[in-house]
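In: for reference, the sequence and a predicted model appear below.
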Amino acid sequence: MTSRTLVLALFSGLAVAPAAAQQADDGALLLDEIIVTANRTSSELAAVAQSVVVINQQQIQEVGYGSRDLTDVISTLVPGFQRSNQTLSGGSETFRGRNVLIMVDGVARNTPLRKNSRILSLIDINTVERIEVINGASSLYGADATGGTINIITKRGWSETPEVSLTTGLSAHTENPAKSLAPSASLSVEGRHDRIDYFFSGSGEFTQRAYDGAGREMPSDVLLGQGGMDRAKQFNLFGGLGFEEGTRRFDVTADWTYFRQDPDYLSNYTTDPVSSDFGTDYTGEPAEENSQYLSAAMSESDFALGELELKGFFNNIEKQSPFTAYDPVANSFVYTVNGTEKFNQTVLKAKRAGLSATVHTQLDQVFDGAAITWGTEYSFDHTTQQFADGADAIAPMTQNQFAAFAQLEVPVHERVRLQGGARFDQFFLNVDDFTRPTYKSSLLPVIPAVNVAGGSFSYNSPTFNIGAVVDITENLQAFGNFSQGYSLTDIGAFTRRAGLNSTSELGKLLGGQRNFDYADIAPEPQIVNSYEAGLRGDGGGFRGTVSGYISTSDNGTTFDIDANQVSQQEEMVWGAEVTAAYDVLDTVTVGGTFAYTDGLYDGEGTGDLNTRLPNNRVPNRFTSSLYGEWLLPHDFLARAEVEYFSGRKARPQNDEQELKGATLLNLGLSKDFGDAGEFSFAVRNVFDTDYTNPTATAVRGYKVAGQGRVITLQHKIRF
């Protein structure tokens, strides 16, 4: 670590964190922020016993000037969420070393039966009103929130007259602007008429080549079968309608996402860093996304039992991965014996639907100020994954889930509020009979096909939480909580590796066994226990939060890169997080974030936590961002931002790839010219630093370079 890096890291660790909730000019206090995600009902942040970050519209615009990827916005402003891997995938973008549940308007976008993390990179940033982030395990919305919950809340129409917004942008790598020029455009219309409000949006983006800090052209698929953002086109259509009738409100939203990447060349994973193999043309089908999301909701504020919300959704998800060719070192486990046919790419399809009913009931007659939020949910999930020739890559699965939940809030003293709750989920899983196809591998010339007998299975997951908030002063709070979350371990991955999931399975396969029962290879659901305590406050121009946490699990899930195996064992993750902002002057604000994360698991099967979690769970032990905003004369707004990430080496005694850290500088400048619109200019990685992206490198263990200097020009006009 250089002296400059050390100084910046220490400074960002002391100055810390984003203005976690407020626009600089609205005068609101952090503790008065109204959020809807933490307790499934509208409540003040001051009543929540967990770490919470709310990213408002102004912050999304300012951080997003140089990037259209929500991952960059969230990783900059939310401590504990790992830095972006700068690809299509969300691989190794963990939250507190664990899974993150990503929702849009309270509806999950995850695919729990077969994990696929293409979510944040494909959401249109122009449709987002604000983002609410709950740090730590939770089960209030179901599975996958073992590390945190991200709820992306979309825009609604507020203008009394129709308002049309047109946003156009150009970005390019300074290494070769002509061959990396990426245009984008977004058109939206919003407004209110009588009792109806509406917001409609359409956007498109086209990208060409990408370059790293050393001027090298970056490959299209650095994560081995997960795709990238270069040589791509993306289209998003979004529509939202709202209708109010007395005490009732109805909302309907529809969202269509289409993405297509057409690589020119295959990637070479044996070079340092991963590079384009310019001598080998890409011969497969494109990496593609074609997904539709529908939701409808009705709320009634004068329901007999309190406030009622009914919600339904349907997600039709289709994700095609890029083609990868056999390589004895880098890609030694592929479909078909030849290993070069373009069949070696898959399409994941998931149809998910659900209904929920939530009631918020005041209990003043029992205890003054007490309230309970309770309800029930049902969801249906059918998931398949097939190779390009139609052969099943995983066992087709169908799951029905029923859940009931309740969350109680009780102000036991004018300065003390308690909250606690429980959720019970009952799952009914049907796994089809399945033949895991023949594979080519460096382990054996041919890994023979095996038959997997499916069946019907049921399991349940009761989870609990309890917490407290104490007002130390009018502007300072202490909070603490115990909360459980659960995750459905990647069931599809276990069927795809049938006969290879463990040493025991491999021994049976080598011994001639060709028939396996799903019941014998099925993973266990993972329950995570999270313990957290912290302080938060605002006043005198300062606002911030500091917290520490420990999370444990008896069935933690790790992926061994070398063995290509997923395993479950006891584990523990711990860390600390800080966010803060300070208004130095009316025109100057400084702030930042700081996070520390690490963990151990029972890697030797002895019952002891004696092995550090792999890098793909915790790519960086330390991450930090430091920013300053200046309102200059003539209403120019300038922003400077320093990103620091430490990297990590999980097992110093072994030859595991060490993840190097880096320090990057980003700059932005914007001005609103009234009727002429708002112009912005941003530069990411100002010094064109040549660095390794630790999050991307952690996914497969192959060194992946980070992007070089990128400049972005943007114009937004309303009429």
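Out: Here it is on my side, so go on.
In: going by C-alpha atoms from here, please, whenever you check contacts or count neighbours.
Out: Noted.
In: can you count the residues close to the residue nearest to Y211 when sequence neighbours are not counted?
Out: Residue nearest to Y211 in three dimensions, not counting chain neighbours: E217, with 4.5 Å by C-alpha to C-alpha, 6 or more residues apart in numbering. When neighbours are counted by other C-alpha atoms under 10 Å, E217 registers 18.
In: per-residue pLDDT, E217?
Out: Model confidence at E217, given as pLDDT, is 98.
In: just to check, it is in contact with D230?
Out: No: in this structure, E217 is not within contact of D230 by C-alpha atoms under 8 Å, at 10.4 Å.
In: packing partners for whichever strand or helix holds T597?
Out: Taking DSSP states H and E as the criterion, T597 maps to strand 588-601. For strand 588-601, the packing partners by 3 or more C-alpha pairs under 8 Å, 6 or more residues apart in numbering; DSSP states H and E come out as helix 3-15, helix 70-77, strand 565-585, strand 611-612, strand 622-632.
In: partners of the shortest one, with directions?
Out: Strands flanking strand 611-612 in the sheet, each with its direction: strand 588-601 (antiparallel) (DSSP bridges).
In: could you export stretch 68-75 as CSV, CA atoms only?
Out: Extracted C-alpha coordinates of stretch 68-75, given in CSV (Å, rounded to 0.1, in the frame of the first residue of the first chain):
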residue,chain,number,x,y,z
ARG,A,68,-26.2,3.9,-15.3
ASP,A,69,-25.6,0.8,-13.2
LEU,A,70,-27.4,0.9,-9.9
THR,A,71,-24.7,-1.4,-8.4
ASP,A,72,-22.3,1.6,-8.6
VAL,A,73,-24.7,3.8,-6.8
ILE,A,74,-25.5,1.3,-4.0
SER,A,75,-21.9,0.2,-3.5
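In: off-centre distance for it?
Out: 9 Å (C-alpha atoms, centre = their mean, to the nearest Å).
In: give me the mean pLDDT for that stretch.
Out: Here the average pLDDT along stretch 68-75 is 94.
In: which residues are contacting it?
Out: Under the contact criterion C-alpha atoms under 8 Å, 6 or more residues apart in numbering, stretch 68-75 has outside partners 60, 63-64, 81-84, 120-125.
In: got it, and stretch 380-395?
Out: Applying C-alpha under 8 Å, 6+ apart, the contact partners of stretch 380-395 are 113-114, 342-354, 396-401, 431-437, 454, 492-493, 495-496.
In: can you pull the buried residues of that stretch?
Out: 380-388, 392-395 (16 or more other C-alpha atoms under 10 Å).
In: could the contacts of stretch 68-75 be laid out in a markdown table, adding neighbour count and secondary structure?
Out: Formatted as a markdown table, the contacts of stretch 68-75 follow (neighbours: other C-alpha atoms under 10 Å; DSSP: H, G, I helix; E, B strand; the rest coil):
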| residue | neighbour count | secondary structure |
| --- | --- | --- |
| I60 | 22 | helix |
| V63 | 23 | helix |
| G64 | 20 | helix |
| F81 | 25 | strand |
| Q82 | 30 | coil |
| R83 | 29 | coil |
| S84 | 26 | coil |
| L120 | 21 | helix |
| S121 | 20 | helix |
| L122 | 21 | helix |
| I123 | 20 | coil |
| D124 | 24 | coil |
| I125 | 22 | helix |
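In: so what sits against both of E217 and D230?
Out: By C-alpha under 8 Å, 6+ apart, E217 and D230 have these common neighbours: 209-210.
In: about what we covered before: switch the contacts of stretch 68-75 over to JSON lines; also include pLDDT.
Out: Below are these laid out as JSON lines (pLDDT from 0 to 100):
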{"residue": "I60", "pLDDT": "92"}
{"residue": "V63", "pLDDT": "85"}
{"residue": "G64", "pLDDT": "73"}
{"residue": "F81", "pLDDT": "96"}
{"residue": "Q82", "pLDDT": "96"}
{"residue": "R83", "pLDDT": "94"}
{"residue": "S84", "pLDDT": "94"}
{"residue": "L120", "pLDDT": "95"}
{"residue": "S121", "pLDDT": "95"}
{"residue": "L122", "pLDDT": "96"}
{"residue": "I123", "pLDDT": "96"}
{"residue": "D124", "pLDDT": "96"}
{"residue": "I125", "pLDDT": "95"}
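In: just give me the closest of those to D105.
Out: Closest approach between the contacts of stretch 68-75 and D105, by C-alpha to C-alpha: I123, at 12.5 Å.
In: give me the number of residues near the closest residue to the closest one other than its chain neighbours?
Out: Closest residue in space to I123, ignoring its immediate chain neighbours: L70 at 7.3 Å, by C-alpha to C-alpha, 6+ apart. L70 has 23 neighbouring residues, counting by other C-alpha under 10 Å.
In: and if you look at L408?
Out: 20.
In: ok, G706 next?
Out: 27.
In: am I right that it is in contact with T692?
Out: Yes: the criterion here is C-alpha under 8 Å, and G706 meets it with T692 at 5.3 Å.
In: check contacts around the closest residue to G492 other than its chain neighbours.
Out: Using C-alpha to C-alpha, 6+ apart and skipping residues adjacent in sequence, the residue nearest G492 is R114, 4.9 Å away. For R114, the contact set (C-alpha under 8 Å, 6+ apart) comprises 383, 490-493.
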